[in-house]
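# Sequence and predicted structure below; questions after.
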Amino acid sequence: DIYDTSQFFKEIGDENNYQNYLSLAAEKDYTKALIDLEKYDKISTAQKFSHYDYDKEGIKYSSDSLYVLECDYKTKVVDINDKTIIIADEAFKYCEHLTRILIPKSVKVIGKRSFVACDKLTSIICESDKFIIQNGCLLSVDKKRLITYFGNTENVIIPEGVTTIDEGAFLRKNIKTVVLPKSLRVIGDGAFACCFKLSMVYMQNNVEEIGKHAFEECKKLKMITLSSKLRHISQYAFRFSGLEELILPDNIIEVDDFAFYGCEKLKIADMGNGIQKLGDSAFQNCNELINIRLSDRLESIGSFAIITAQNILTSNNNHYFTDSHALYRNTSEGIYLCRYFAADNLIDIKLPIIGVDDFAFYNIPAEQILLPPSVKKIGRFCFAKCNRLDHITLPEELTSIPQGIFEECLNLRHVIISKNVKNIDSESS
């Protein structure tokens with residue numbers, strides 16, 4: 001078997017591992033001969049084989065049966081070949097009709113996302129001594145890795161000792177509450193995504209990483225208390241979730257792109273005092289967001305990040321401040337207007353700003369907007385979707401008009417442009 005593994009590496013051109021496994025074959029060191037799945041994670045195991053066979057159940061194996069590669073999505077019951085050593089990454093992914101699977105003694109490795117979205121899987125019979133079953137969870141024998149959940153209880157207690165929840169481990173499961181253990185460090189990508197009934201997550205203070213899409217579309221999740229060791233909220237982590245109130249602990253320094261996108265019931269968001277970067281569209285389409293308080297340490301706000309917020313609060317931030325329903329940022333050049341957030345008919349900016357950021361007045365129902373003569377630069381889509389805007393005079397100091405600044409300004413009749421303007425983008429309106 002080890003020799004066959006060496007031939008696999010030879011086939012894909014990995015000379016170092018080829019020689020290493022030849023040596024291991026000579027020493028008959030089976031344990032060290034297991035393939036490092038992490039190294040090949042970006043290439044599906046199935047793609048690495050040019051020779052394979054299907055059994056009568058629709059299971060795709062490597063020609064020597066050492067790997068189970070794929071499964072027909074219609075398959076309901078699987079007894080894995082007793083020669084199989086490795087269940088490849090995504091081998092049973094989206095096998096929506098699969099109800100039972102037997103993992104034989106021979107299996108030593110289970111790849112990532114192997115059982116993602118097996119919605120009807122309610123029985124795993126595990127004969128391998130490398131894995132155990134507890135509380136409806138398939139775990140590594142040391143309990144550190146939770147591979148998948150196949151239980152039928154709505155209230156889940158994850159066993160103590162688990163440090164990592166695999167990607168998609170609970171995807172689309174009908175659970176209502178989950179208690180995370182003190183030992184947990186990593187919640188993988190999409191781990192609890194589309195758990196539409198999930199309303200309560202008891203998170204301990206040792207979680208260090210929440211992956212992308214981890215709680216996406218958890219529609220009944222109204223609140224969550226995050227770990228004090230968490231420093232980063234990943235992309236799409238809570239997108240389209242049911243959060244109504246959000247308080248981020250001071251240890252979090254970055255909220256990534258689309259992290260809370262489309263949380264339609266979110267009313268209050270407190271960024272704590274640690275956030276330094278707010279990613280693009282982080283809170284976009286949070287249409288009920290009444291108040292968002294920005295961190296005192298905030299240095300960067302991405303495009304559309306807080307575009308639907310009705311009120312923005314700051315206190316002792318050196319980079320951002322609010323004045324008369326507008327958020328401004330300080331730069332070495334001067335002051336820029338980032339976002340106007342009140343539904344006023346007349347907007348008259350009094351501060352001597354030198355620029356207006358992208359989307360600054362986006363979708364604001366003002367009939368008239370007055371900018372000071374100090375403005376030298378206007379960002380893209382600055383007045384886009386200002387459907388009630390009737391006329392506007394652009395500042396004298398402007399030299400160019402960028403893309404989309406009047407896009408979908410359906411009632412705009414008059415625009416007065418200075419003779420200093422040398423360039424008008426072809427898609428400015």
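Cool, got the structure.
# Show me the shaky parts of the stretch 251-400 of the chain.
Applying pLDDT under 70 to the stretch 251-400 of the chain flags no residue at all.
# ranges for the strands of the stretch 151-300 of the chain?
Taking DSSP state E, counting those that start in this stretch to define them, one finds strands in the stretch 151-300 of the chain at 155-157, 164-165, 177-179, 186-187, 200-202, 209-210, 232-233, 245-247, 254-255, 268-270, 277-278, 291-293, 300-301.
# Let me have the ones you listed in JSON lines, adding distance to residue 121 and mean neighbour count as columns.
For every residue, glycine as well, the C-beta is placed using N, CA and C. Shown next, in JSON lines, are the strands of the stretch 151-300 of the chain (distance: least, C-beta to C-beta, whole Å; neighbours: other C-beta atoms under 10 Å):
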{"stretch": "strand 155-157", "distance to residue 121": "15", "mean neighbour count": "15"}
{"stretch": "strand 164-165", "distance to residue 121": "17", "mean neighbour count": "23"}
{"stretch": "strand 177-179", "distance to residue 121": "18", "mean neighbour count": "17"}
{"stretch": "strand 186-187", "distance to residue 121": "21", "mean neighbour count": "22"}
{"stretch": "strand 200-202", "distance to residue 121": "22", "mean neighbour count": "16"}
{"stretch": "strand 209-210", "distance to residue 121": "25", "mean neighbour count": "21"}
{"stretch": "strand 232-233", "distance to residue 121": "30", "mean neighbour count": "20"}
{"stretch": "strand 245-247", "distance to residue 121": "33", "mean neighbour count": "17"}
{"stretch": "strand 254-255", "distance to residue 121": "34", "mean neighbour count": "22"}
{"stretch": "strand 268-270", "distance to residue 121": "37", "mean neighbour count": "18"}
{"stretch": "strand 277-278", "distance to residue 121": "39", "mean neighbour count": "22"}
{"stretch": "strand 291-293", "distance to residue 121": "41", "mean neighbour count": "19"}
{"stretch": "strand 300-301", "distance to residue 121": "43", "mean neighbour count": "18"}
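# Share the number of residues neighbouring residue 56, please.
By other C-beta atoms under 10 Å, the residues close to residue 56 number 5.
# same question, residue 145
A count of nearby residues for residue 145, using other C-beta under 10 Å, gives 21.
# And it, its phi and psi?
Main-chain torsions, residue 145, degrees, to the nearest 10: phi -120, psi 120.
# just residue 299 next, same as before
Backbone phi and psi, for residue 299 under degrees, to the nearest 10, turn out to be phi -120, psi -20.
# so it touches residue 330, yeah?
No - with contacts counted by C-beta atoms under 8 Å, residue 299 stays clear of residue 330, the gap being 10.8 Å.
# what sits in contact with each of those two?
Common neighbours of residue 299 and residue 330, using C-beta atoms under 8 Å, 6 or more residues apart in numbering, are residue 319.
# re the thing from before, out of the strands of the stretch 151-300 of the chain, nearest to residue 341?
The closest of the strands of the stretch 151-300 of the chain to residue 341 is strand 291-293. By C-beta to C-beta, the value is 9.4 Å.
# Of the strands of the stretch 151-300 of the chain, which is nearest residue 324?
strand 291-293 (16.8 Å).
# Centre of the chain to that closest one, how far?
Distance, stretch centre to chain centre, for strand 291-293: 22 Å (C-alpha atoms, centre = their mean, to the nearest Å).
# what does stretch 249-256 give?
With C-alpha atoms, centre = their mean, you get 15 Å for stretch 249-256.
# Pull up the distance across it, start to finish.
End-to-end distance for stretch 249-256, by C-alpha to C-alpha, to the nearest Å: 15 Å.
# Repeat that for stretch 339-349.
First-to-last distance for stretch 339-349 - C-alpha to C-alpha - comes to 12 Å.
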